[in-house]
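1. using only what follows, build the 3D model:
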Amino acid sequence: MRLSIELVKKSQKSSILRCTREDGSITFAKLYPTLEIHDIAHYVVEQQLRFSNAFYGLLGKGYDIADFSLPRDTRPTALLPKNLPEEALVTEHLVNLLQTAYFQPTPIADILDNLAQILLEKQLQFPRKITQKTLHEMTNALKSFMRQWTLLENDEKLLLQFEV
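-> Take a look at the predicted model:
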């Protein structure tokens, strides 16, 4: 599965996330200002862990970005929290921890401990793919992509290729 991801920077208004699937179909959304990091962190986590059933994987399979923000009673059944794949749930928790660590530097061991505790509380499996090494690579990749994002001018794009 291949998905082309474009984050279009808009200085005076909401940036845009546009994803183009292998079949040429597109899904897009305006992003809340300064929250581009969330979608970039999703890319980093899902690509690094080769997850195909989290946010970008689900978009690649045909769901629309807007489907995730619909009121629960109008979402596609597969996107209701109780029906989401475990990869999607694990990813969301890890993305939130990486975002926090980006703004408030946190030792890798603490991120791992926090993730383990959250997943245990939520009765989710801790993926064996998540190690100190992979987490270090993810934090470095997130910093690199955020540097690229910061340097973009208005209407310039950060282009990412998602493949699993």
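2. so for L35, what pLDDT did the model give?
-> In the predicted model, L35 carries a pLDDT score of 87.
3. give me the neighbour count for it.
-> Residues near L35, counting by other CB atoms under 10 Å, number 12. For glycine as for every other residue, the C-beta is placed from the backbone atoms N, C-alpha and C.
4. helix or strand for L17, which one?
-> Element membership for L17, per DSSP states H and E: strand 16-21.
5. which residues does that strand contact?
-> Outside strand 16-21, the residues within contact range by CB atoms under 8 Å, 6 or more residues apart in numbering are 2-8, 10, 26-31, 36, 39, 56, 59-60, 62, 65.
6. buried residues in it?
-> I16, L17, C19, T20, R21 (16 or more other CB atoms under 10 Å).
7. among the residues you listed, which one sits closest to L84?
-> C19 (18.2 Å; CB to CB).
8. okay, the closest one and K10: tell me how far apart.
-> 17 Å (CB to CB, to the nearest Å).
9. average model confidence for the longest helix along the chain?
-> When the chain is scanned for its longest helix (criterion: DSSP state H), the result is helix 132-151. Averaging pLDDT along helix 132-151 yields 97.
10. that helix: how far from the chain's middle?
-> Centroid separation for helix 132-151 versus its chain: 13 Å, with CA atoms, centre = their mean, to the nearest Å.
11. which strands or helices does that helix pack on?
-> If you count contacts as 3 or more CB pairs under 8 Å, 6 or more residues apart in numbering; DSSP states H and E, helix 132-151 packs onto helix 36-49, helix 86-103, helix 108-121, strand 157-163.
12. out of those, which one sits most buried?
-> When you average the neighbours per residue for each of those (mean count of other CB atoms under 10 Å), helix 36-49 leads with a mean of 22.
13. so what touches the helix or strand following that helix?
-> Sequence-wise, the next helix or strand downstream of helix 36-49 (DSSP H and E) is helix 55-60. For helix 55-60, contacts defined as CB under 8 Å, 6+ apart pick out 1-3, 5, 19, 21-22, 27, 39, 42-43, 46, 51-52, 65, 68, 78-79, 85, 87-88, 91-92, 162, 164.
14. I appreciate the help and will end here.
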